[in-house]
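> Give me the fold of what follows.
(one chain, ligands or ions: 1)
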Amino acid sequence: MCGPFTNPLPQMHRFAVHTFLRAQSNKCNWTPKVHTFCHASAEICQSWVDRIQGLIDRDLSRPKNLLVLINPYGGKKAGVRQWETVAPLFHKAGVKTKVLLTERAQHAYDLMAQSTEEELKNLDGVIVVGGDGLFNEVLNGLVMHRHKGHPAPNPERVLDLMAKRWKTKKRNNSSSHLPSEEGLRALSNMERKNDQSSGPSFDVHSPLLTDSPLESRAVNSTFLPAASKDVVGSASTRDPGKLQYSGSNRHKTNAPLRIGIIPAGSTDTVAISTTGSRDPVTAALHVLLGDSMPLDIVKITGWKKTPQSVDEPPRVRYAASFAGYGFYGDVMRESENARWLGPARYDIAGVKVFLKHKTYQAEVSYLDIPQIPAGLKNLTPRNGSSENSKLTDRAHRVICRVNCGICAQGMDLNHLVDSDSEEEELEEASAELQATKPRWRSLRGSFHSVGGAVMSCRNDKAPDGLAAHAHLADGLLHLILIRKCSRPSYLRQLISLTRRGADPFNFDFVEHYKTPVFTFTSVGEESIWNIDGELFPAHQLTAQVARGLVNIYARGPED
Ligand SMILES: Nc1ncnc2c1ncn2[C@@H]1O[C@H](COP(=O)(O)OP(=O)(O)OP(=O)(O)O)[C@@H](O)[C@H]1O
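This next block holds a predicted model:
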């Protein structure tokens, strides 16, 4: 805000400029700061005010019209209070807000899904005052019927074609790529014998997708420089009531619709992973300054709720942070029965599920991209050896922060996913070309958990996140497999997540791969998927990254 007022001392005139300060302890946490300027001449003061206001008004990335959705029952039921804390900032910045309290689960989803394109065009953004669940509802409501992505590869088809191609290759070429022992193990996996073994199985060149799993959607990946944008703005109004978009007489910015999140949930993973902070005022400042960045989203397709299900169409859900099976699904299922305990329900459910120490048989396939741009290159395992991949991964760990070079590279992996390539063609291709080809790899075993993290998934319990060096907009997710291990070993792994700087992948029962897509098939007793904190039963599942599918009011963590 900036505006002149008269000094009690007769000859001085002053005006105030509202901006913010970074906290010394954690520079991701911002506090509002007011600078006061004065001059003896009222005209000069006014000219400065006009000049600053003119610059603010010309910044089209700043929102003017927002829809605010508050979950009054999320987290510690502090949603309304959090909004009341930050609403004066929106008022000062002159941002119009339409505020709605959600009345039930799925309310936010319905509002977004039922909004017409015209209504959405008249909004600069949707602000979620709640947790990851509410964010997920808004995300799904916005993209479910609007996102025209590539069809999900069916897990069964991936496995069958891999087996078929491998058999063909073996018949045609006695000097197969694979050591015979490994190949035989892989083949026996494919034939679904009751194999309890663990370890990497086999790979087949050329993905089996009918189309690329990657989004080539042009994203607004302008990572806005902090310094030029840090004056908040001017007068505002709060406009509570029903959902009515004011289409006329408004100043539409040129930025795409963005989603903002004022954290008021139990875990607030999305807010912490995208801004580094759980502070509502910081979150509000990111919105008011017009911060903008694309965010990768995982499209989850589930087939068959149970192995027995028949004639069920596949179900789709989009996730912004994490899809986890086994331990993560069981904890979520257990905690849903104890919502009345508030955020403490996760701890209690976690202990209960940990003590049961269950494992689940599954087959997991992922697309290995052997050649990806510099900076990411060595993060992807190249030879299936988990030991090797762990070493390269540790050596090239890059945390996603504000102005992230990796996310800004504009990586387009579509050319790597060439479904027309015939196996023979590939055989003839140079070694160099072969090295650039994506390939499916498949694993089978008993897992405590199977997880896909598309962002770091930082939270209070895991300060570095489940996947500390996952990027917000690189088009890849982190596939994390926890194989069967002893209870004390698993406990050590879980504890490593709670310690800053520890390495939760440095265990011989943990496997970790970066990929744009993976498929999953359960082979025995079933757990349930936990997708951004919501339960999702699926016997078979595909997770594919849609690169930069949505834009958010954030710039990435500064720390
Ligand atoms: N008025 C309401 N009454 C009951 N449930 C609601 C209402 N509004 C929203 N919900 C549901 O509450 C769920 C959880 O909300 P939210 O994500 O805000 O809090 P949380 O689960 O405590 O936090 P987190 O997801 O960060 O752990 C949402 O998925 C939504 O379906």
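> Please count neighbours and contacts with C-alpha atoms only from this point.
OK.
> Residues of this protein that sit close to the ligand?
71-75, 102-106, 130-134, 265-268, 533 (C-alpha under 6 Å from any ligand atom).
> rerun at 8 Å
Applying C-alpha under 8 Å from any ligand atom, we find that the chain lies next to the ligand at 70-77, 101-108, 129-137, 263-270, 342-343, 532-534.
> List the ones among those residues that fall in strands.
Counting by DSSP state E, these place 70, 101, 129-130, 263, 534 in strands.
> right, and out of the residues you listed, which lies closest to A468?
P263 (20.3 Å; C-alpha to C-alpha).
> Contacts only, for that closest one.
For P263, the contact set (C-alpha atoms under 8 Å, 6 or more residues apart in numbering) comprises 128-131, 271, 278-280, 283.
> hmm, which of the residues of the chain next to the ligand are the buried ones?
70-75, 77, 101-102, 107-108, 129-137, 263-270, 342-343, 532-534 (16 or more other C-alpha atoms under 10 Å).
> pLDDT score assigned to S365?
Per-residue confidence at S365 stands at 96 (pLDDT).
> Then it would be within a strand, right?
Yes. Under DSSP: H, G, I helix; E, B strand; the rest coil, S365 falls within a strand.
> can you map out the helices along the stretch 51-200 of the chain?
Here the stretch 51-200 of the chain has its helices, by DSSP state H, counting those that start in this stretch, at 79-92, 107-114, 117-121, 132-143, 155-172, 180-190.
> Show me where this structure dips below the pLDDT cut-off.
1-10, 165-167, 169-255, 371-396, 410-436 (pLDDT under 70).
> Tabulate the CA atom coordinates of the strand of greatest length in it in PDB.
Counting residues, the longest strand found in the chain (DSSP E) is strand 439-453. What follows is strand 439-453, C-alpha atoms only, in PDB (Å, rounded to 0.1, in the frame of the first residue of the first chain):
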ATOM      1  CA  ARG A 439      13.100 -48.000 -21.400                       C
ATOM      2  CA  TRP A 440      10.700 -49.700 -19.100                       C
ATOM      3  CA  ARG A 441      12.100 -51.400 -16.100                       C
ATOM      4  CA  SER A 442      10.100 -53.800 -13.900                       C
ATOM      5  CA  LEU A 443      10.400 -54.900 -10.300                       C
ATOM      6  CA  ARG A 444       8.600 -57.300  -8.200                       C
ATOM      7  CA  GLY A 445       8.700 -58.100  -4.500                       C
ATOM      8  CA  SER A 446       7.300 -57.600  -1.100                       C
ATOM      9  CA  PHE A 447       7.100 -53.900  -0.200                       C
ATOM     10  CA  HIS A 448       6.300 -52.100   3.000                       C
ATOM     11  CA  SER A 449       5.500 -49.100   0.800                       C
ATOM     12  CA  VAL A 450       5.400 -47.900  -2.800                       C
ATOM     13  CA  GLY A 451       5.400 -44.200  -3.100                       C
ATOM     14  CA  GLY A 452       5.500 -41.500  -5.800                       C
ATOM     15  CA  ALA A 453       6.500 -38.000  -4.700                       C
END
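> What residues of it count as buried?
439-453.
> Show me which of the helices of the stretch 51-200 of the chain has the highest average neighbour count.
Of all these, helix 132-143 carries the top mean neighbour count, a mean of 24, counting by mean count of other C-alpha atoms under 10 Å.
> Now do the phi/psi pair for K76.
When quoted as degrees, to the nearest 10, the phi and psi of K76 stand at phi -90, psi 30.
> Quick check: it touching T267?
No. With contact defined as C-alpha atoms under 8 Å, K76 does not reach T267; the gap is 10.5 Å.
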